[in-house]
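# sequence and predicted structure below; questions after.
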Protein chains: 2
Amino acid sequence: MLEAVRRAVDAFARLPGVGRRSAERIAYRLARDPSGRLAREVVDAVEGLCAGTALCPLCGRVTESGRDACRLCADPDRDPALLCVVEQPEDIERIEETGAFRGRYHALMGKLSPARGEGVRQLRLRRLVERVQAEPVREILLALNADVESDATCAFLRDMLAPGGVRVTRLAHGIPAGSGVSYADPVTLSRAVRSRQDV
Amino acid sequence: MLEAVRRAVDAFARLPGVGRRSAERIAYRLARDPSGRLAREVVDAVEGLCAGTALCPLCGRVTESGRDACRLCADPDRDPALLCVVEQPEDIERIEETGAFRGRYHALMGKLSPARGEGVRQLRLRRLVERVQAEPVREILLALNADVESDATCAFLRDMLAPGGVRVTRLAHGIPAGSGVSYADPVTLSRAVRSRQDV
């Protein structure tokens, strides 16, 4: 493989959801276009993304660069008593799409992950504690993922936040919509049983 | 979605193997990194790819920029009587990895695809005819894909090339290695039956 192709494959394979074979296909797709138009579009898009976006200093959401707070943090109609803690900024977009949450957000920028060298210091925890003290937060919804490291992060956050008198909740785990009992893995199913609800 | 994010998603979703949801994950992954290091790496990689590569004027393979012919075309040990026709330059790399072919290559840069507006004029056909006339080609191996448009392209190339007295072959179709009869779709299986071989 040519050096320029290999370097491109290395870079593309670092992107989420892109394996080495996909990265190779992308590299050749760009290299075989003599007009270079798609390559130019990609470069412009990445540079535009970096120049046009920043993280909201309050919640960590990806927002227009040059703003003090994102649209959600600045919205007086959002319930300041409800704070939703997520791992990554893009999780905020997913929850917003549902329309099921009307409070505010806080992105941790990761989770406790000893295997990847991510500990307490890498997370936006001090900012979270400051917000809980400064804002009229009554409930913190931990909207973290459903894996071992996220579970450990949930337990850590609960132990850190609950003594302050705030209610700490987390997303329900169970059978995903449109799926069924025979498709659920044992962990999902046992959680669905333990969290069973009255009908 | 922010305008800068949407534009990035549009550009990334044009890359092969990247759907809109993947493109979104990539955009947020780049936007949420305050250091911008990954974004810089991607931009450098794409620009390095464009500056460092070109298409071999003979076979169409992706090669170092500024060369008259790629390493394969310039190699006197490759059999000039065997010419392998592929759809895309990266298919050459796949076949080279097998070590099963010792001839030369010719990339069409596509296939006959009326649905995408790709016709005879978009393909590198004139260059192919010139090569078959100028080089001592005795067999042309059509290493095209296994779909309807590639089949039509194979038929077209056979009708165009065979009258010149050259032998035109194509890749065998059948059960992929490591797979089995019950996993094969009906088209693959019927081709495997029709192409059955003595043992």
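That came in fine, so what should we check first? Numbers count the residues shown, from 1 in each chain, chains lettered A, B, ... in the order given.
# from now on I want contacts and neighbour counts done on CA atoms only, so please keep to that.
Will do.
# okay, now the sheet partners of the helix or strand harbouring A:Ile140, with direction.
Using DSSP states H and E, the secondary-structure element containing A:Ile140 is strand A:139-143. Here strand A:139-143 is paired, per DSSP bridges, with strand A:82-86 (parallel), strand A:167-170 (parallel).
# want to throw these into CSV with mean pLDDT, mean neighbour count and distance to A:Leu49?
Conversion of the strands paired with strand A:139-143 to CSV gives the following (pLDDT from 0 to 100; neighbours: other C-alpha atoms under 10 Å in any protein chain shown; distance: least, C-alpha to C-alpha, whole Å):
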stretch, mean pLDDT, mean neighbour count, distance to A:Leu49
strand A:82-86, 95, 24, 22
strand A:167-170, 92, 16, 32
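# I'd like to know which of the ones you listed lies nearest to A:Leu125.
Taking C-alpha to C-alpha as the criterion, strand A:82-86 is the member of those that comes nearest to A:Leu125, at 10.4 Å.
# and the strand holding A:Ile140, C-alpha only, in PDB?
Extracted in PDB, the C-alpha atoms of strand A:139-143 (Å, rounded to 0.1, in the frame of the first residue of the first chain):
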ATOM      1  CA  GLU A 139     -33.500  15.300  40.200                       C
ATOM      2  CA  ILE A 140     -30.500  14.100  38.300                       C
ATOM      3  CA  LEU A 141     -31.300  11.600  35.500                       C
ATOM      4  CA  LEU A 142     -28.200   9.500  34.600                       C
ATOM      5  CA  ALA A 143     -28.700   8.800  30.900                       C
END
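# would you mark the buried spots in whichever helix or strand comes after that strand?
Elements were assigned by DSSP H and E; along the chain past strand A:139-143, the next helix or strand is helix A:148-161. Residues of helix A:148-161 classed as buried: A:Glu149, A:Ser150, A:Thr153, A:Cys154, A:Leu157, A:Arg158, A:Leu161 (neighbour count, 16 or more other C-alpha atoms under 10 Å in any protein chain shown).
# just the CA atoms of helix A:148-161, as CSV, please.
Once side chains and other backbone atoms are set aside, the C-alpha atoms of helix A:148-161 remain, and they are given as CSV (Å, rounded to 0.1, in the frame of the first residue of the first chain):
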residue,chain,number,x,y,z
VAL,A,148,-20.2,-2.3,32.7
GLU,A,149,-18.2,0.9,32.7
SER,A,150,-21.3,3.0,32.5
ASP,A,151,-22.9,1.1,35.3
ALA,A,152,-19.8,1.8,37.4
THR,A,153,-20.0,5.4,36.5
CYS,A,154,-23.6,5.5,37.5
ALA,A,155,-22.8,4.0,40.9
PHE,A,156,-20.0,6.5,41.4
LEU,A,157,-22.2,9.5,40.5
ARG,A,158,-25.0,8.2,42.7
ASP,A,159,-22.6,8.0,45.7
MET,A,160,-21.2,11.4,44.9
LEU,A,161,-24.5,13.2,44.3
